[in-house]
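Novice: Provided below are the primary sequence and the corresponding predicted coordinates.
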Amino acid sequence: MPRILLTGKNGQVGFALNQTLAVLGDVTAVDVHECDLTKPDAIRDLILTHRPDVIVHPAAYTAVDKAESEQELAYAINAVASGVIGEVAAQIGAPVFTFSTDYVYPGDKDGWYQESDATGPLSVYGKTKLAGEVALAAAQPKHVTLRTSWVFGPWGGNFLKTMLRLAKDRDALNVVADQYGAPTSANLLADVTAQLVARYLNDVDGEYPWGTYHLVAGGETNWHGYAKYVIEHAAELGWNLQVKPDAIKPIPASDYPVPAPRPSNSQLDTTLLRETFGLSLPDWQHGVRHTLALLSAGRG
């Protein structure tokens, strides 16, 4: 059985990956307690001890606003650790599958971002993730970096679950309506990643298409439209919510100041990924409905 090392097993994406990767090989899943990503020697020891055939690395510093005041910590986890993982992975001949973010772009493009477009992160978080992309690629050319956006799922904290929590007790909500992207479920990320890893494990010609790709759900919306869809569908599923969809009011981002600036346009073009790997990606609403169904089952 191929040996697969998975980081961040308790994160949104890591939790889902632990399930989808299990059918492909012998998965060793770790979190911060088994490997502190701020300690390069611990990273090296972990990889050299397990000597995996594949490394899947979703672990990251993801507190976007907090990163503005914790720059060194965010850089250590998102940038330095990625470079170390790449370095040791290259040493043992293991490819790395990892994740990045729409925040590497400035968000001022008119239209969908392609992988070849110039980056220009606005926040510390975005800058550290971009630095991690560069460090990994320099150390291990055999990598797949999947840039994604607006991740949610039944596990961990995210916008969808925050909206549900707030909607239980409030009469109205104000949600930003001038930032656009595609809500993407952790399950979709885990399913696609497993397919990409499986293709590598079955690769016989040695011509695997390594590189950076966009992976988001189909379609686009803004945070306001996303919130309304969540509340509308949750109500259909029987959730007892105080706020009604028409009481979710659109506001500009300028009315909701946060420490870290967000890109206004986070729309990522997935053509390269879909055509290279022959994939079809569902729309973002599908992922929302699936996640709400899972959360509803948990409530029962």
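Specialist: Ah, there it is. Nothing here was measured: the structure is a model prediction, and the numbers come from that model. Numbers count the residues shown, from 1 in each chain.

Novice: could you point out where the stretch 101-250 of the chain is predicted with low confidence?
Specialist: 204 (pLDDT under 70).

Novice: Tell me where the stretch 1-150 of the chain has helices.
Specialist: 12-20, 40-50, 71-75, 81-92, 124-139 (DSSP state H, counting those that start in this stretch).

Novice: so which of those helices comes closest to Leu188?
Specialist: helix 12-20 (8.8 Å; C-beta to C-beta). Every C-beta, even on glycine, is put in place using the N, C-alpha and C of the backbone.

Novice: For that closest one, C-alpha coordinates in CSV please.
Specialist: What follows is helix 12-20 as a C-alpha-only set of coordinates in CSV (Å, rounded to 0.1, in the frame of the first residue of the first chain):
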residue,chain,number,x,y,z
GLN,A,12,-11.7,21.5,7.7
VAL,A,13,-9.9,20.2,4.6
GLY,A,14,-7.7,17.8,6.5
PHE,A,15,-10.6,16.1,8.2
ALA,A,16,-12.3,15.5,4.8
LEU,A,17,-9.0,14.3,3.3
ASN,A,18,-8.4,11.8,6.0
GLN,A,19,-11.5,10.0,4.7
THR,A,20,-11.0,10.3,0.9
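
Novice: Quick one, which of the helices of the stretch 1-150 of the chain gets closest to Thr101.
Specialist: helix 124-139 (5.0 Å).

Novice: Could you list every helix and strand in contact with that closest one?
Specialist: On a contact count with 3 or more C-beta pairs under 8 Å, 6 or more residues apart in numbering; DSSP states H and E, helix 124-139 meets helix 71-75, helix 81-92, strand 96-101, strand 143-148.

Novice: Number of residues surrounding the closest residue to Val124 other than its chain neighbours?
Specialist: The shortest distance from Val124 to any non-neighbouring residue, by C-beta to C-beta, 6 or more residues apart in numbering, is to Ala67 (4.4 Å). Ala67 has 24 neighbouring residues, counting by other C-beta atoms under 10 Å.

Novice: My guess is Ala67 contacts Lys129. True?
Specialist: No - the pair Ala67 and Lys129 fails to qualify as a contact (C-beta atoms under 8 Å) at a distance of 9.7 Å.

Novice: Who are the contact partners of the residue nearest to Val124?
Specialist: Neighbour list for Ala67: Tyr61, Leu73, Ala74, Ser123, Val124, Tyr125, Thr128, Ala260 [criterion: C-beta atoms under 8 Å, 6 or more residues apart in numbering].

Novice: In this model Ile77 seems to touch the fifth one, though I could be wrong.
Specialist: Spelled out, it's Val124. No - counting by C-beta under 8 Å, Val124 does not reach Ile77; the two are 12.0 Å apart.

Novice: Tell me how far Gly287 lies from Ile55.
Specialist: Distance of Gly287 to Ile55, computed by C-beta to C-beta, to the nearest Å: 26 Å.
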